[in-house]
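Colleague: Sequence first, predicted model second:
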Amino acid sequence: MEIALTCVCGQKVFVRPSDRGLKLMCPACRVTITVPQNIAVSDDQSEWVILDTETDGLEPPIHVLEIAAQRMRGRLKVGDAFRVFLNHQIPIPAAATAIHGYTEDFLATCGVPPREAHQRLRSYIENRYIVAHYLRYDWNAVLIPEWERLRETPIGRRGYCTWNLSKRAIPECNSHRLDALREAFAFPTSEAHSAIGDIDSVYRLLTDIIFPRLETVGFSTYLECAEFSTTTPVLKCRCLVQGKNYLDEVRKNREARQDAAARENLIESIRIGSVPDVPSLLCNRGFITQEPDIEFAGRTFLFTGKMVWGSRSNATRLIESVGGMVSTSKTITSTIDYLILGEDKEKGWSALLHGGKLVDAVCHKIADDRCRLCIILESDLIDSLMARLEARSNPAPAVLPQPTASSRAPLT
């Protein structure tokens, strides 16, 4: 049995168990590859197929335009990949062509009648399990309806979905779309958004990422991986792969949900005016940055409350003179970096019990205390401005270079 090793260049080099310890040369980049002594050999002889389709759209009736497949035995490829184009003699929507590039003219030239294409597929797959990245679409929504239209009996057997498998085995990725996983793991492909390109990506995903992870936790055969792909809850699978305690993660998730619900309830109370003193809430939550290190260049500032130092227009001119920008927005937007709290005793921020910008700022910070918005006092802004302007008007004296030993005049 051959085992595939992956070179640093991405080239697959196939070796046998008897090659342990040998030094081989990669045929692509000529780098020397040492075959590990502890190379794992799976005795799984299950026969299955990786399959993908390209279609004319997502709404029924869906017609298959391309089918690609790769036979597998255990974790190894068996023979060449299968590929066929289908000519249904129907108009191809421009939106579908924009994705995969197949036009009516191309399919008229390169495609074969649908019944012939599926007969070829039957000869290739026989009774093997079919595995696809979004099996519910390829099997349920595409292939089964097309076989029924053509009065063909189903081909092969429904296997497992690698999208479901990746959700459990690759918890660090937020999206498990094939495009996103291809980008996350830098899989090369010359034919993205084609069925032949996608089966290559699924093969790499399984053999390079998912199978090695599952083998470390005791899932190595086809049937074991199929079982893992449907095991619930998903979090338990992720904890198994990551070596985390499931009950601890359940508790953390429950606390996070409770915290999020409490935040939402507090925000709602603030918005409807049930919180009588927003400034006090701002102080008690520690949302005002103490001794802030204020950046001006390219940053956007917004004022709320009357200032003690002087007019907003004068402060605006000073901010703009050091590279900052001042917004005139009535609300907090995603572009605001600093909210300046005017400190006038009677009309400053502390007197704005339900000020619009103050409420927005508090709600932003409650929703996400890591948001970019920084809430600072007027006095801190003026101190930073004066320090910046003073440094600009009194630059530090240039440091003169010290003479080297060779440049000193000789003593007489």
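Modeller: Nice, I can see it.
Colleague: per-residue confidence for residue 138?
Modeller: Note for residue 138: predicted pLDDT of 95.
Colleague: pretty sure it is in contact with residue 145, am I right?
Modeller: No: Residue 138 is beyond contact range of residue 145, at 11.4 Å (criterion: CB atoms under 8 Å). C-beta here means a position set from N, CA and C on the backbone, and glycine is covered the same way.
Colleague: What ranges does the chain have for its strands?
Modeller: 3-6, 12-15, 23-25, 32-34, 47-55, 64-73, 76-77, 82-85, 129-132, 157-161, 300-304, 325-326, 338-341, 374-377 (DSSP state E).
Colleague: Residue 185: which of the ones you listed is closest?
Modeller: strand 3-6 (11.4 Å; CB to CB).
Colleague: now the strands of the chain in CSV, with distance to residue 188 and mean neighbour count?
Modeller: Converted to CSV, the strands of the chain look like this (distance: least, CB to CB, whole Å; neighbours: other CB atoms under 10 Å):
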stretch, distance to residue 188, mean neighbour count
strand 3-6, 12, 16
strand 12-15, 12, 16
strand 23-25, 21, 12
strand 32-34, 18, 13
strand 47-55, 17, 24
strand 64-73, 17, 23
strand 76-77, 17, 16
strand 82-85, 19, 19
strand 129-132, 21, 24
strand 157-161, 24, 19
strand 300-304, 41, 21
strand 325-326, 43, 17
strand 338-341, 44, 25
strand 374-377, 42, 20
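Colleague: Residue 232: which of those strands is closest?
Modeller: strand 157-161 (13.8 Å).
Colleague: Quick check: neighbours of that closest one in the sheet, parallel or antiparallel?
Modeller: strand 129-132 (parallel) (DSSP bridges).
Colleague: Just the CA trace of the partner strand, in CSV.
Modeller: Extracted in CSV, the C-alpha atoms of strand 129-132 (Å, rounded to 0.1, in the frame of the first residue of the first chain):
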residue,chain,number,x,y,z
TYR,A,129,-20.2,5.4,-1.2
ILE,A,130,-20.4,9.0,-2.5
VAL,A,131,-18.8,11.8,-0.4
ALA,A,132,-19.3,15.5,-1.3
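Colleague: packing partners for the next helix or strand along the chain from it?
Modeller: Using DSSP states H and E, the helix or strand that follows strand 129-132 in sequence is helix 135. Contact here means 3 or more CB pairs under 8 Å, 6 or more residues apart in numbering; DSSP states H and E; on that basis helix 135 packs against strand 157-161, helix 162-169.
Colleague: just to revisit the earlier point, so which of the strands of the chain is nearest residue 216?
Modeller: Using CB to CB, the nearest of the strands of the chain to residue 216 is strand 3-6, at 16.5 Å.
Colleague: Mean confidence (pLDDT) on the closest one, please.
Modeller: Rounded mean pLDDT across strand 3-6 is 69.
Colleague: still on that earlier bit, will you turn the strands of the chain into CSV that also has distance to residue 149?
Modeller: Converted to CSV, the strands of the chain look like this (distance: least, CB to CB, whole Å):
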stretch, distance to residue 149
strand 3-6, 38
strand 12-15, 38
strand 23-25, 50
strand 32-34, 49
strand 47-55, 13
strand 64-73, 10
strand 76-77, 31
strand 82-85, 17
strand 129-132, 19
strand 157-161, 19
strand 300-304, 58
strand 325-326, 61
strand 338-341, 62
strand 374-377, 61
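Colleague: And the residue nearest to residue 187 when sequence neighbours are not counted, what's its pLDDT?
Modeller: Beyond its immediate neighbours in the sequence, the residue positioned closest to residue 187 (CB to CB, 6 or more residues apart in numbering) is residue 204, lying 4.9 Å away. We have a pLDDT of 94 for residue 204.
Colleague: Distance check, residue 204 against residue 11.
Modeller: To residue 11, residue 204 is 12 Å away according to CB to CB, to the nearest Å.
Colleague: more crowded one of those two?
Modeller: Neighbour count, other CB atoms under 10 Å: between residue 204 and residue 11, residue 204 has more, with 20 against 14.
Colleague: My read is that the more buried one contacts residue 184, right?
Modeller: No: counting by CB under 8 Å, residue 204 stays clear of residue 184, with 11.9 Å between them.
Colleague: separation between the closest residue to residue 87 other than its chain neighbours and residue 65?
Modeller: Nearest in space to residue 87, with sequence neighbours left out and distances taken as CB to CB, 6+ apart, is residue 111 at 3.1 Å. Distance, residue 111 to residue 65, using CB to CB: 8 Å.
Colleague: Need the residues touching each of the two.
Modeller: Common contacts of residue 111 and residue 65 (CB atoms under 8 Å, 6 or more residues apart in numbering): 85-86.
Colleague: where exactly do the helices run in the stretch 201-350 of the chain?
Modeller: 211-216, 222-228, 234-242, 246-271, 278-284, 312-321 (DSSP state H, counting those that start in this stretch).
Colleague: Output the contacting helices and strands for the first one.
Modeller: Based on contacts counted as 3+ CB pairs under 8 Å, 6+ apart, the elements that helix 211-216 packs against are helix 222-228.
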